[in-house]
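Trainee: give me coordinates for this.
(one chain, ligands or ions: 2)
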Amino acid sequence: MSRRNTRKHLQEGLKDLRLPTMRGSVQQVAEQARADSASYEDFLLTLVDQERDARRQGRIARALRASNLPLEKTLETFDRKRLPRKVDAHVNVLLEGAFLDRCENVLAFGQPGSGKTHLLCAIGLELVHAEHRVLFRRCDVLVQELLAAKRDLLLPKLLKQWGRYDALIIDDLGYVQHSREEMEVLFNLLAHRYERGSVMITSNLPFSGWEEIFKDPMTTAAAIDRLVHHSVVLELNIPSYRLEASKKQRAA
Ligand code: ADP
Ligand code: MG
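Mentor: Residues are numbered from 1 along each chain as shown. Ligands and ions are numbered 1, 2, ... in the order given. Sure, this is the predicted structure:
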């Protein structure tokens with residue numbers, strides 16, 4: 001076969017096999033391999049690596065979009081020196097991602113502005129980059145979604161859909177007062193995820209205040225019991241970042 005014919009067939013074949021990255025770079029990689037007198041295996045490996053890498057990037061980009069995570073709350077922009085030493089050590093372990101396989105939960109407590117949301121989002125983003133599936137929801141939005149699904153008899157479908165995520169981040173549990181029906185769907189979600197997948201929660205309210213959230217003592221105890229059974233608790237007993245930042249600004 002003439003070289004031109006070979007190229008044409010190769011392009012068609014790679015298109016059929018859905019290897020777009022290889023298709024785009026095979027010519028240039030082949031020329032480089034000839035110039036370097038590279039082995040056939042090295043030539044092929046370069047192409048395979050490029051294809052794998054491009055696919056991985058694509059998967060991560062899609063997972064980031066699906067996660068609904070705020071992309072600016074990264075670990076790079078988070079000042080870990082503010083964290084209590086014990087919390088910082090936990091963060092290192094969480095970043096390894098093994099807690100997801102064990103369906104362990106993460107509970108971040110602290111006053112407003114202490115960095116709970118930023119910290120859990122930063123961990124979430126790192127986990128997505130390590131190819132774990134993460135979904136972020138503000139608690140009030142999540143509750144409304146659950147209610148709407150229940151109304152349309154789609155609750156089992158929604159729970160199944162969310163079941164595909166390794167971690168569900170529920171931000172600001174207890175911040176908005178909810179009705180009994182709203183709390184019921186939230187409790188059902190927590191019960192459904194128990195030992196099926198991780199839940200990562202931020203809350204300004206310590207457990208002692210959770211009866212306000214779940215309304216009755218039995219439901220509250222059951223919710224706490226399920227969440228705490230396999231869990232890492234991050235106590236951010238630190239001042240508000242915003243408050244400190246504005247104080248510094250004023251001082252300067
Ligand atoms: P919380 O969820 O505890 O109320 P946030 O995570 O929303 O607090 O933090 C409040 C603001 O301060 C956000 O803009 C956040 O990015 C910033 N912030 C908090 N802690 C830190 C930190 N350790 N390093 C950098 N920015 C922080
Ligand atoms: Mg928050």
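Trainee: can you show me the helices along this protein?
Mentor: 3-16, 20-36, 40-67, 85-96, 98-101, 116-129, 139-151, 155-163, 180-193, 211-214, 217-229, 241-251 (DSSP state H).
Trainee: just those: most buried one?
Mentor: Mean neighbours per residue, mean count of other Cβ atoms under 10 Å, is largest over the helices of the chain for helix 116-129, with a mean of 22. For the C-beta atoms, the positions are set from N, CA and C on the backbone; glycine is no exception.
Trainee: adding distance to ligand 1 and mean pLDDT, write the helices of the chain out as TSV.
Mentor: Listed next are the helices of the chain as TSV, based on distance: least, Cβ to the nearest ligand atom, whole Å; pLDDT from 0 to 100:
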stretch	distance to ligand 1	mean pLDDT
helix 3-16	45	94
helix 20-36	36	97
helix 40-67	17	97
helix 85-96	10	97
helix 98-101	20	97
helix 116-129	3	98
helix 139-151	12	95
helix 155-163	22	95
helix 180-193	19	90
helix 211-214	17	85
helix 217-229	18	89
helix 241-251	3	85
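Trainee: which among those helices is found nearest to D79?
Mentor: Shortest distance between D79 and these, using Cβ to Cβ, is found for helix 241-251: 7.9 Å.
Trainee: what sits closest to the residue of the chain found nearest ligand 1 if chain neighbours are left out?
Mentor: When scored by Cβ to the nearest ligand atom, the chain has G115 as its residue closest to ligand 1, at 2.7 Å. Spatially, and ignoring its direct neighbours in sequence, G115 is nearest to Y241 (5.4 Å; Cβ to Cβ, 6 or more residues apart in numbering).
Trainee: returning to what we had before: JSON lines please, covering the helices of the chain and showing distance to L75.
Mentor: Listed next are the helices of the chain as JSON lines, based on distance: least, Cβ to Cβ, whole Å:
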{"stretch": "helix 3-16", "distance to L75": "38"}
{"stretch": "helix 20-36", "distance to L75": "29"}
{"stretch": "helix 40-67", "distance to L75": "14"}
{"stretch": "helix 85-96", "distance to L75": "8"}
{"stretch": "helix 98-101", "distance to L75": "16"}
{"stretch": "helix 116-129", "distance to L75": "4"}
{"stretch": "helix 139-151", "distance to L75": "23"}
{"stretch": "helix 155-163", "distance to L75": "25"}
{"stretch": "helix 180-193", "distance to L75": "25"}
{"stretch": "helix 211-214", "distance to L75": "29"}
{"stretch": "helix 217-229", "distance to L75": "24"}
{"stretch": "helix 241-251", "distance to L75": "15"}
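Trainee: for N204, find the nearest of those.
Mentor: Across those, N204 has its closest neighbour in helix 116-129 (8.1 Å, Cβ to Cβ).
Trainee: for that closest one, name the packing helices and strands.
Mentor: If contacts are counted by 3 or more Cβ pairs under 8 Å, 6 or more residues apart in numbering; DSSP states H and E, helix 116-129 sits against helix 40-67, helix 85-96, strand 105-110, strand 134-138, strand 167-171, strand 198-203, strand 231-236.
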